[in-house]
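Chemist: What follows is a predicted structure for the sequence shown.
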Amino acid sequence: MGNTASFSWQIISSFIAFVVGALFHFVFEMSGGWKPVAFIGAVNESTWEHLKIAFWPMFFLFLFELAINGKAPENFLLAKAAGLYFTPALIVILFYSYKMIFHTHNLAYDITIFFCAILAGNILSWKLLSVFPSSGGRGTRAMAVIFLTVIVLSFSFFTYFPPRVFLFRDPRTGGFGIIRGGR
């Protein structure tokens, strides 16, 4: 993909990830609580589960982009890994910042943050690919594979076995994950 096409794809894929992520918010409940669906769908209202529904659509679109991209630039994996880490980090920073400042919860802010973080993660990936298309090499790819493996395993494992920290706590029920206190 050329630079312009790649930027256009990042914008389009941000909208796709946003819509699919919104659907992933409800898919576990719509499945009747079928535990395999918990892999991609939010199982409660914890911050972690909202990070997960941003991550998985972006990850699936990354795999799609990798499949259709042919010979990807050397730093493609690292640029995508950076975007996949940046998005949830930005959601956490913005969400807890506005809650601390305004002492309230606002669904419109949450939805705006969700979309803007996805867009920002995709633009970061595009920018890294545009500015440093041939940086790295074998070591960069290996590091990216490690980063991607860690984040995929984290989003896979912690729904079923969440740590007992605030990020994983459902504010409605006080529970964690689906094993204890899920929907």
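Modeler: Perfect, I can see it now.

Chemist: which helices and strands sit right next to the host helix or strand of His50?
Modeler: Taking DSSP states H and E as the criterion, His50 maps to helix 47-68. Contacts defined by 3 or more CB pairs under 8 Å, 6 or more residues apart in numbering; DSSP states H and E place helix 47-68 against helix 3-30, helix 76-102, helix 107-131, helix 138-160. For every residue, glycine as well, the C-beta is placed using N, CA and C.

Chemist: Just want the angle from that helix to helix 76-102.
Modeler: Counting by axes from the mean of the first three to the mean of the last three CA atoms, to 10 degrees, helix 47-68 lies at 150 degrees to helix 76-102.

Chemist: which residues sit against helix 47-68?
Modeler: Residues outside helix 47-68 that contact it (CB atoms under 8 Å, 6 or more residues apart in numbering): 9, 13, 16-18, 20-22, 24-25, 40-43, 72, 76, 80, 83-84, 87-88, 91-92, 95, 110, 114, 117-118, 121-122, 151-152, 155, 158-159, 162, 166-168.

Chemist: rerun that using 6 Å as the cut-off
Modeler: 13, 17, 20-21, 24-25, 40, 42-43, 80, 84, 87-88, 91, 118, 155, 167-168 (CB atoms under 6 Å, 6 or more residues apart in numbering).

Chemist: how near is Leu167 to Asn69?
Modeler: Distance, Leu167 to Asn69, by CB to CB, to the nearest Å: 33 Å.

Chemist: Please say which of those two ends up with more neighbours.
Modeler: Leu167 (16 against 13; other CB atoms under 10 Å).
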